[in-house]
Every structure is written in structure tokens, then in C-alpha cells.
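> Sharing a model that was predicted from the sequence below.
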Amino acid sequence: MEVMIERCCGIDVHQKTIVCCILSGPLETNKPQKHQKTFGTTSAELRAALEWIQSFNVTDIFMESTGQYWVPVFNIFSDSEIQLTLANPAHIKNVPGRKTDVKDAEWIAQLGRCGLIQSSYLPCAQAMELRQLTRRRLSYIQKRTQSKNEIHNILQRANIKLTSYLSDIFGQTGQALLSLFIHGEKITLERVAECMHTHVKATPKQLLEAMDGKMSKTDRRLLDDSLEEYRFYTEKIKRMDGDIEEFILTYFKEEYELLMELPGVKANSAAVILAEIGPDVEAFKTAAHLASWAGLSPGSYESAGVKKSSRTTRGNKYLKTTLIACGGIAGRSMDPAFSNLYQRLSARGAKMKAVVACGHKLLRIIYKVLSCHIHYDKQKALGLRQQ
């Protein structure tokens, strides 16, 4: 392999230690000098590691993006003038055989010295902070969904059929009726009527029959815990939405307003797009590169000269999930650029492929909007053929 860097350092990152391996030598040699040393991960020890690396006039540092352990190392080392490259662990996996931390650091340094490590994409610092907020919000939503599923399981186990008459048992009426079970009150027709909201279509008698089940004391206790947890995460999500909106309006107001003009993109979706991609797309050469990074590019599988169908590539799961959801909404909207595409592909019996295609089209438009800072144009989005 052709050597491209004279002096580089590979770092194997762990929770308590980092292993640094420096390779230095002329570009013509394949046997460079090797220097290895292990450091702790406190701030003082990381600064000492940086001074040790700088003493060898290292120009490039390569490390794996291992969990969150790389973040403090990257933050301290970024203060220097050394070029930092964060690598995807799946792309630099070592060959089978002897595996130690020292060997891993040396392998990373060898790959980096030959220019075989592709840098992972890192947006600006503000986008990284927004990413932490949006991902924490998603975590709250998942935990709230788990609480809702637990409540549904309790009701089904007790043979209580409120879901047959209430479209959302977590609305005002549903929560009031669940509180009757939790407090062990006697359920009567008058008491059910008091809990009902004016917009409920079911009659008090129907709800009373639906609540005729057998709920034990343990079920009431578990129902109380799950409902309390649901309300807790609902309040957390509401507060997080306010924090995200305030943060976006402070740093990314212009880009946020441009994204909100796109069909299928709402406030939460625009926040995730800005958090994962950032306010600009300069790191991606073309829209195809961005689609590949997001995991919305069609896969390529060919064997013996025969092309076989394959799924989309792996990519950023947060951005991919959001764009597919937005693509489904845009495909069913009145916007002709997306509705025509969705109808044409879904007519073949592949509705999910149509949704993914709409998400891919939406991502290409996002690339154009963020790169040129222009407003969405329905006529241009149609394409030359449909125009």
C-alpha cells in the first residue's frame, strides 16, 4: 500500500484508558518507527497525551467513534493544530487473529498512514447540541410509548374494553376513567357520565359496560405507576419541545423556516433534519452522497452478472426514519411533485417503496435548499418530465 502520511498517530479509545501508537518515517519506507504509550482518560492525562504526541511532530490523529468515549478525547485534541479524523469502527475492523489494545492502535495508525480511513461526518458545535436535544426527545417518546403499552396490557388482562369506544384512552376522558380504577371507586353510570368529555361519541352506558372487568389490587397498583410514568414523560416532552424551538430560533432560524416550507416536514421533523445534517451540506459533494450517508440510496447487489433487488443502504437511522415518515406524508399530500411519484409507484403494489422514494426525493430537495438557501419551488420540484 502506498504511504501518504509521514507521521501519524492511531488511538484506541476506552472508558478508562487510551492507547496511542505513533508511526513515523519517510514515505518511501514500509517500516516506520513505532512509539506506543497508554494514558488515562482524565482531562489532565489527555492533555499529557496530546503533549506526548506533539513532541513527535505528528500531523494526523486517527481514532474510532467508540460510544461516547471519543468525545472528551476529541474535544481536548481539537484545541491543537493536528488534523483529527474520526473513523467508523465498522470500516476499520481489524483482521482476525491476535487482538489487543496495542494492536488495535497500531492497526488504526497503519490504515491512516496509507490514507485508508474515511472521516466520519461531524456537524458544527451548535448542530451537535441540537442533536443531543432531539435524540433525548426521541428517548422520552420511546419510554412514554412503553408506558402506554403497559397500560394497554393491563386493561386487556382485566378484560376492560375502553379502547373499543375511545379512540385515545390517554385523552381527558380516558385518563379520568382510568383514575376510577386506580382509586378503587365504585363505578356507576352517574360517575362515568361525570368523567366524559363533550366530544365523546360513546354513551355512558356503553362505557360502563366496557369497564365491567376484573382488576386486581396489583393491577391497580401497576396501572397507577404506568399512568404516572406516562404523564411524567408527556411533561418532559412538552418542555423539551420548548427548549428545541428556542434553540433553533436562536441559531438556525433561517434554515428552519426554509425547511418548514417543504411538504410533509413539520416542526419536529425540521428539528431532526437540522440536528443530523446541520445548517449546511458543504461536507457532502452531491445529493447522492448525502442520500448514501442517510441510508436512503438503493442498495447494489449483483452476482454472476445478474442484478438482484436489494434494500436501501445502512445510514443515519434518526435521519432515515424521519425522512421516510415525512415522505409518506408528502406522498399523500396535494403537492403534485410528491403525490404523482407516490401514486405512480404505489400503483405497482409497492407502497412502502413509494414512501421511501418520496423520502429520497425530499432529501434531494433539502440538499438544494440548504446548499443554496432558496425557497421551495413546486414547479421545479416536478422535474423536467412532468413540467
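Done, it's in.
> what about residue 62, which SS state?
strand (DSSP: H, G, I helix; E, B strand; the rest coil).
> what about the closest residue to it other than its chain neighbours, distance to residue 215?
With sequence-adjacent residues excluded and distances taken as C-beta to C-beta, 6 or more residues apart in numbering, residue 62 is closest to residue 112, at 3.7 Å. For the C-beta atoms, the positions are set from N, CA and C on the backbone; glycine is no exception. Distance, residue 112 to residue 215, using C-beta to C-beta, to the nearest Å: 62 Å.
> So which of these two has more stuff around it?
residue 112 (25 against 19; other C-beta atoms under 10 Å).
> Please give the element, helix or strand, for that one.
helix 101-113 (DSSP states H and E).
> which helices and strands does that helix pack with?
strand 7-13, strand 17-24, strand 33-40, strand 60-64 (3 or more C-beta pairs under 8 Å, 6 or more residues apart in numbering; DSSP states H and E).
> Next, the buried residues of that helix.
Within helix 101-113, the residues scored as buried using 16 or more other C-beta atoms under 10 Å are 101, 102, 104, 105, 106, 107, 108, 109, 110, 111, 112, 113.
> Which one of those is nearest to residue 344?
Of all the buried residues of helix 101-113, residue 111 has the smallest distance to residue 344: 44.6 Å, by C-beta to C-beta.
> Contact partners for that closest one?
10, 62, 92, 117 (C-beta atoms under 8 Å, 6 or more residues apart in numbering).
> what's the nearest residue to the third one if we skip its chain neighbours?
Translated: residue 92. Per C-beta to C-beta, 6+ apart, closest to residue 92 is residue 111, 5.6 Å.
> As PDB, could you dump the C-alpha coordinates of stretch 53-73?
This file holds the C-alpha atoms of stretch 53-73, laid out as PDB (Å, rounded to 0.1, in the frame of the first residue of the first chain):
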ATOM      1  CA  ILE A  53       2.000  13.200  20.500                       C
ATOM      2  CA  GLN A  54       3.000  16.800  19.700                       C
ATOM      3  CA  SER A  55       6.600  16.000  20.700                       C
ATOM      4  CA  PHE A  56       6.900  13.700  17.700                       C
ATOM      5  CA  ASN A  57       5.600  16.400  15.300                       C
ATOM      6  CA  VAL A  58       2.600  14.300  14.400                       C
ATOM      7  CA  THR A  59       0.400  15.800  11.700                       C
ATOM      8  CA  ASP A  60      -2.600  13.500  11.800                       C
ATOM      9  CA  ILE A  61      -4.500  11.600  14.500                       C
ATOM     10  CA  PHE A  62      -7.000   8.800  13.800                       C
ATOM     11  CA  MET A  63      -9.400   7.300  16.300                       C
ATOM     12  CA  GLU A  64     -12.600   5.200  16.400                       C
ATOM     13  CA  SER A  65     -16.000   6.700  17.300                       C
ATOM     14  CA  THR A  66     -16.500   4.300  20.200                       C
ATOM     15  CA  GLY A  67     -19.700   5.100  22.000                       C
ATOM     16  CA  GLN A  68     -19.300   8.400  23.800                       C
ATOM     17  CA  TYR A  69     -15.800   7.700  24.900                       C
ATOM     18  CA  TRP A  70     -14.300   9.600  21.900                       C
ATOM     19  CA  VAL A  71     -16.000  12.900  22.700                       C
ATOM     20  CA  PRO A  72     -13.700  14.100  25.600                       C
ATOM     21  CA  VAL A  73     -10.600  13.000  23.600                       C
END
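> Mind listing what's buried along that stretch?
53, 56, 58, 60, 61, 62, 63, 64, 65, 69, 70, 73.
> Same check on stretch 279-298?
Buried, per 16+ other C-beta under 10 Å, within stretch 279-298: 279, 281, 284, 287, 290-298.
> and what of stretch 317-325?
Here stretch 317-325 shows 318, 319, 320, 322, 323, 324, 325 as buried, counting by 16+ other C-beta under 10 Å.
> Could you give the average pLDDT over stretch 238-256?
Here stretch 238-256 scores 96 as its mean pLDDT.
> Just the terminal-to-terminal distance for stretch 48-59.
Chord length of stretch 48-59, first to last residue, is 17 Å (C-alpha to C-alpha, to the nearest Å).
> and what of stretch 64-80?
So stretch 64-80: terminal residues 19 Å apart, C-alpha to C-alpha.
> and it, how far out from the chain's middle?
20 Å (C-alpha atoms, centre = their mean, to the nearest Å).
> ok, back up a step: will you turn the contacts of residue 111 into a markdown table that also has distance to residue 271 and pLDDT?
What follows is the contacts of residue 111, written out as a markdown table (distance: C-beta to C-beta, whole Å; pLDDT from 0 to 100):
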| residue | distance to residue 271 | pLDDT |
| --- | --- | --- |
| 10 | 36 | 93 |
| 62 | 32 | 94 |
| 92 | 32 | 78 |
| 117 | 31 | 86 |
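> just to revisit the earlier point, downstream neighbour of the helix holding residue 112 in the secondary structure list?
Past helix 101-113, the next helix or strand by DSSP H and E is helix 125-157.
> quick one, what contacts the residue nearest to the spatial centre of the chain?
In the chain, the centroid-proximal residue (C-alpha atoms, centre = their mean) is residue 318; its distance is 2.3 Å. Residues near residue 318 by C-beta under 8 Å, 6+ apart: 134, 135, 138, 272, 275, 276.
> ok, 6 Å please
residue 276 (C-beta atoms under 6 Å, 6 or more residues apart in numbering).
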